[in-house]
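1. Just to be clear, the model below is a prediction. Sequence and coordinates:
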Amino acid sequence: MNYYEIGFDARGIFHKRLNRFVGLVDITWPFEEKNVKIHIHDSGRLSELLFDGNEILLKKPKREENRKTGWDLLATKFNSHWVLTNSGLHRGIAEWMFNLGIPFGKLKSISPEIKVGNSRLDFVLINTRGEKIWVEVKGCTLTLNGRAIFPDAPTERGKRHVEELIELRKSGERAAIVFLVMRRDSRCFYPNIETDPEFSKTFFRAIDTGVEVYPLLFEFTPPKLIYKQQLQVCKH
C-alpha cells in the first residue's frame, strides 16, 4: 500500500487556544509536562477538534530559532481516528499525490508557489501533453453528516485564490482546486455556505467557469497517511 509517512514526537492533551496560532497542552508521552505552549499551523476554527481534554499528537519543528513554541500540533483525535491538522504539510502531501499521478495523470513538471495577479497559487503543473494546469490546494478537516465542508472560518484569501483560478480558466488555461480531506467519515464535498457564503458563491462560479474540483480523501493512522479515494461534490 502506498502511503505518505508522517511521524510524531509526542502525545498530549489539548486544553485551550490562547490565540489563533498558539495552544496550551499537557504532554503525556514520552515524558510528562503540563501547560506547554504549542504552535497551531491552521487558521481554521477547528472547534470540533480543539477542545479541552482532547487527545493530540505533536511534532518537533525542524527549525526552532526565532520561535515562541517548541512544538507543532500534528493531529487531533475525532471519535476513534486521527485527523491531520497541520496545514504546513499540505504542499508535501500534494506533491506526493501529483507524483503518483493523482488526480491529473502523469506529469512532466511540478512548480510550487507561482505568483498570479495579486496572489500566489500553490502549483503550476505541466502534463505529458504539455498542458499547463494551475492548482490551488486547500485542507479540509470539518465534516458534518458525511459532508466534508470548507472553509470552517471565513477566508477572504481563499476566495481570492479561487477568483484567480476563474480568470485563468477564462483565458483558456486549465485551473483546479484540490481539497485534501482529512476526515475519513466524509462521503462527499460541499462548500460551507453558512460560514462563508461569499467563498461558496465563488466556488460555484468557478465550477460553472470550468475550474476543476478534486476532493481527495485521506486516512491518518500514524505514521501513515493513506490516500483512500476521490470524492464527488455533493449534489446539494
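-> On my side now, so go ahead. Please read these numbers as outputs of a predicted model, since none were measured by experiment.
2. Could you use CA atoms for every contact and neighbour count after this?
-> Noted.
3. does the residue nearest the centre of the chain count as helix, strand or coil?
-> In the chain, the centroid-proximal residue (Cα atoms, centre = their mean) is Gly139; its distance is 1.7 Å. Secondary structure, DSSP: H, G, I helix; E, B strand; the rest coil: Gly139 is strand.
4. mind listing what it touches?
-> 87, 90, 179-182 (Cα atoms under 8 Å, 6 or more residues apart in numbering).
5. Apply 6 Å and report the result again.
-> 179-180 (Cα atoms under 6 Å, 6 or more residues apart in numbering).
6. what's across from it in the sheet?
-> Leu180 (DSSP bridges).
7. Tell me the spacing between it and Asn145.
-> To Asn145, Gly139 is 18 Å away according to Cα to Cα, to the nearest Å.
8. Please report phi then psi for Glu198.
-> Reported as degrees, to the nearest 10, the phi and psi values for Glu198 are phi -70, psi -40.
9. Number of residues surrounding it?
-> Neighbourhood size, Glu198 [other Cα atoms under 10 Å]: 15.
10. Enumerate every residue touching it.
-> Glu198 touches nothing, counting by Cα under 6 Å, 6+ apart.
11. so what pLDDT did it get?
-> On pLDDT, Glu198 comes in at 97.
12. gap between it and Trp71?
-> The value you get for Glu198 to Trp71, if Cα to Cα is used, is 34 Å.
13. Check Gly7 too.
-> On the measure of Cα to Cα, Gly7 and Trp71 end up 13 Å apart.
14. who's more crowded, these two?
-> Trp71 (21 against 14).
15. right, and the more buried one touches Lys37 too?
-> No. Counting by Cα atoms under 6 Å, Trp71 stays clear of Lys37, with 7.5 Å between them.
16. pLDDT on the longest helix along the chain, on average?
-> The helix that spans the most residues within the chain, counting by DSSP state H, is helix 156-170. Throughout helix 156-170, pLDDT has a mean value of 95.
17. Could I get the CA-only coordinates of that helix as PDB?
-> C-alpha atoms of helix 156-170 as PDB (Å, rounded to 0.1, in the frame of the first residue of the first chain):
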ATOM      1  CA  GLU A 156     -11.100  36.200   2.000                       C
ATOM      2  CA  ARG A 157      -7.700  34.800   0.900                       C
ATOM      3  CA  GLY A 158      -9.200  31.500  -0.200                       C
ATOM      4  CA  LYS A 159     -11.900  33.400  -2.100                       C
ATOM      5  CA  ARG A 160      -9.200  35.500  -3.900                       C
ATOM      6  CA  HIS A 161      -7.400  32.300  -4.900                       C
ATOM      7  CA  VAL A 162     -10.500  30.900  -6.500                       C
ATOM      8  CA  GLU A 163     -11.100  34.200  -8.300                       C
ATOM      9  CA  GLU A 164      -7.600  33.900  -9.800                       C
ATOM     10  CA  LEU A 165      -8.300  30.400 -11.000                       C
ATOM     11  CA  ILE A 166     -11.600  31.700 -12.600                       C
ATOM     12  CA  GLU A 167      -9.600  34.300 -14.500                       C
ATOM     13  CA  LEU A 168      -7.000  31.800 -15.600                       C
ATOM     14  CA  ARG A 169      -9.800  29.500 -16.900                       C
ATOM     15  CA  LYS A 170     -11.400  32.300 -18.800                       C
END
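18. quick check: domain ranges of this structure?
-> 3-84, 87-233 (automatic domain parsing).
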